[in-house]
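Enquirer: 3D, please:
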Amino acid sequence: MSAYDIIKEIETAQLKAEVPEFNVGDTVRVYGKIKEGNRERVQVFEGVVLKRQGGSSRETFTVRKTSNGVGVEKTWPLHSPNVEKVEVIRHGKVRRAKLNYLRDRVGKKAKVKELVK
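Expert: This is a model prediction of the structure:
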């Protein structure tokens, strides 16, 4: 058994059983666990998914929202135990894999159209 196989085996053990189905451009609500001293609470972060990158246990996704007129981005590991759940609020209609252009936009221009099925 090579080192590669051992790493692969450890990584597959880290994967979550159920991963929510969401794509770039979707508006999601991420429930993240936060430790403050000896207490642990769940904080909600809601915004548009800018990008998804990586694979298997290393996969991450970046969510952007505007808070008090300031753009805030947070990158979450998809299979992390600190991410309790990811809730899809609306599906966005986009034509590219990474929405970096949204960083330069403010107000209504920063919106992503909703995907109507």
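Enquirer: mind giving me the packing neighbours of the lengthiest strand in the chain?
Expert: The longest strand of the chain (DSSP state E) is strand 39-53. Under the contact criterion of 3 or more CB pairs under 8 Å, 6 or more residues apart in numbering; DSSP states H and E, strand 39-53 touches strand 27-36, strand 60-67, strand 70-77. The C-beta positions use only the backbone N, C-alpha and C, and glycine is treated the same way.
Enquirer: need those strands in a markdown table with mean neighbour count and mean pLDDT, can you?
Expert: Converted to a markdown table, these look like this (neighbours: other CB atoms under 10 Å; pLDDT from 0 to 100):
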| stretch | mean neighbour count | mean pLDDT |
| --- | --- | --- |
| strand 27-36 | 15 | 96 |
| strand 60-67 | 16 | 95 |
| strand 70-77 | 13 | 94 |
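Enquirer: coming back round to it: and the longest strand of the chain, how far out from the chain's middle?
Expert: Computed by CA atoms, centre = their mean, to the nearest Å, the chain-centroid distance of strand 39-53 equals 6 Å.
Enquirer: buried stuff in it?
Expert: 45, 47, 48, 49, 50, 51, 52 (16 or more other CB atoms under 10 Å).
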